[in-house]
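Novice: Make a model of this:
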Amino acid sequence: MSVLAVSGVANLRDVGGIPAGSSRVRSGALLRSGHLAQLTAEGGADLAARVRHVIDLRDDAEVEREPSALTGVPVTRIPLFLGSVGSFFALNMDLAAMYRHLIDESAPRLVDAVRLISAGEPTLVHCTVGKDRTGVTVALALSAVGADREAVIADYALTASQLPRERNRAIVQYLRANLPDATNAVQLATESPAPVMASLLADIDDRFGSVGAYLRDAGMSAAELHALADALLE
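Specialist: Here you go, the predicted structure:
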């Protein structure tokens, strides 16, 4: 995987190079990032040269608050959360519970996102910071094609080090002032612990047999899973 420097977007990387059995993930096939509202003209041109499709996992309020500055690239919106992002803070969920909720409640939408990745165009997946919705979606797509489990987890965990420090400081201050009883809020907003993703993928294996079986159970066909492998693997 490669962290990419594109002006105006944080937490951008290409997951190419991750091993997958006797193959590996193709460079340029799948990128992930935070929102694109602050893209500069130079950054937008750079990104438009890299990708042919964008999957935006944010809800309506997030998109209205921080509309994408990327032009010239088709965008498909698939809001993953059933309900607002703020509801997870209000309920004081930890990351493990939030991801379990996502897997259980938004399975058809996750399939829709992975199905778009399987179309084979260089694709960027993003949400607001590129951590949770993006992290789960990318981990599912990679795992479904046999990507090395430890490498998938490491890609997820990398996000915490890629979030802008000033953003984290401002969010932590806000949360402590406005949600003092939400003990999991800082984790929800700023962390991506490897054990959380390891536990999620192990739970999917235990309940469904594999990530591929989970996606099939949620509506993805065997042909689409083969297409996903063709799209992502060298």
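Novice: tell me, how many neighbours does the residue nearest to Pro79 when sequence neighbours are not counted end up with?
Specialist: Computed as Cβ to Cβ, 6 or more residues apart in numbering, the closest residue to Pro79 that is not its neighbour in sequence is Asp59, at 4.4 Å. Yep, even glycine has a C-beta here, placed from its N, CA and C like the rest. Neighbour count of Asp59, defined by other Cβ atoms under 10 Å: 20.
Novice: what do you get for Glu42?
Specialist: When neighbours are defined as other Cβ under 10 Å, Glu42 has 11 of them.
Novice: cool, Val51 as well?
Specialist: Val51 has 22 neighbours, counted by other Cβ under 10 Å.
Novice: Could you do Ala48 as well?
Specialist: When neighbours are counted by other Cβ under 10 Å, Ala48 registers 15.
Novice: My read is that it contacts Thr71, right?
Specialist: Yes - Ala48 sits in contact with Thr71 when judged by Cβ atoms under 8 Å, with a separation of 7.4 Å.
Novice: Could you check how far Arg77 is from Val125?
Specialist: Distance, Arg77 to Val125, using Cβ to Cβ, to the nearest Å: 12 Å.
Novice: Also Leu163?
Specialist: For Leu163, the distance to Val125 - Cβ to Cβ - is 17 Å.
Novice: Any idea which residue is closest to the centre of the chain?
Specialist: Thr134 (1.0 Å; Cα atoms, centre = their mean).
Novice: any weak-confidence spans in the chain?
Specialist: 82-90, 175, 177, 179, 181-182 (pLDDT under 70).
Novice: Now with 80, please.
Specialist: For the chain, applying pLDDT under 80 flags the ranges 1, 82-92, 164-189.
Novice: which residues sit in contact with the residue nearest to the centre of the chain?
Specialist: Listed by Cβ atoms under 8 Å, 6 or more residues apart in numbering, the contact set of Thr134 reads Arg32, Ser33, Leu57, Val125, His126, Cys127.
Novice: Next, it: secondary structure please.
Specialist: Here Thr134 is recorded as helix under DSSP: H, G, I helix; E, B strand; the rest coil.
Novice: How much space separates it from Ile55?
Specialist: According to Cβ to Cβ, Thr134 and Ile55 sit 9 Å apart.
Novice: hey, where'd the helices end up in this protein?
Specialist: Here the chain has its helices, by DSSP state H, at 41-50, 60-65, 86-90, 95-105, 107-117, 133-144, 149-162, 165-178, 185-190, 194-208, 211-217, 222-232.
Novice: still on that earlier bit, hey, what's in contact with both of Thr134 and Ile55?
Specialist: Listed as contacting both Thr134 and Ile55 by Cβ under 8 Å, 6+ apart are Val125, His126.
Novice: Between Leu163 and Val125, which has more neighbouring residues?
Specialist: Using other Cβ under 10 Å as the criterion, Leu163 and Val125 rank with Val125 on top: 27 against 20.
Novice: Who does the more buried one form a beta bridge with?
Specialist: Going by DSSP bridges, Val125 is paired in beta bridges with Arg32, Ile55.
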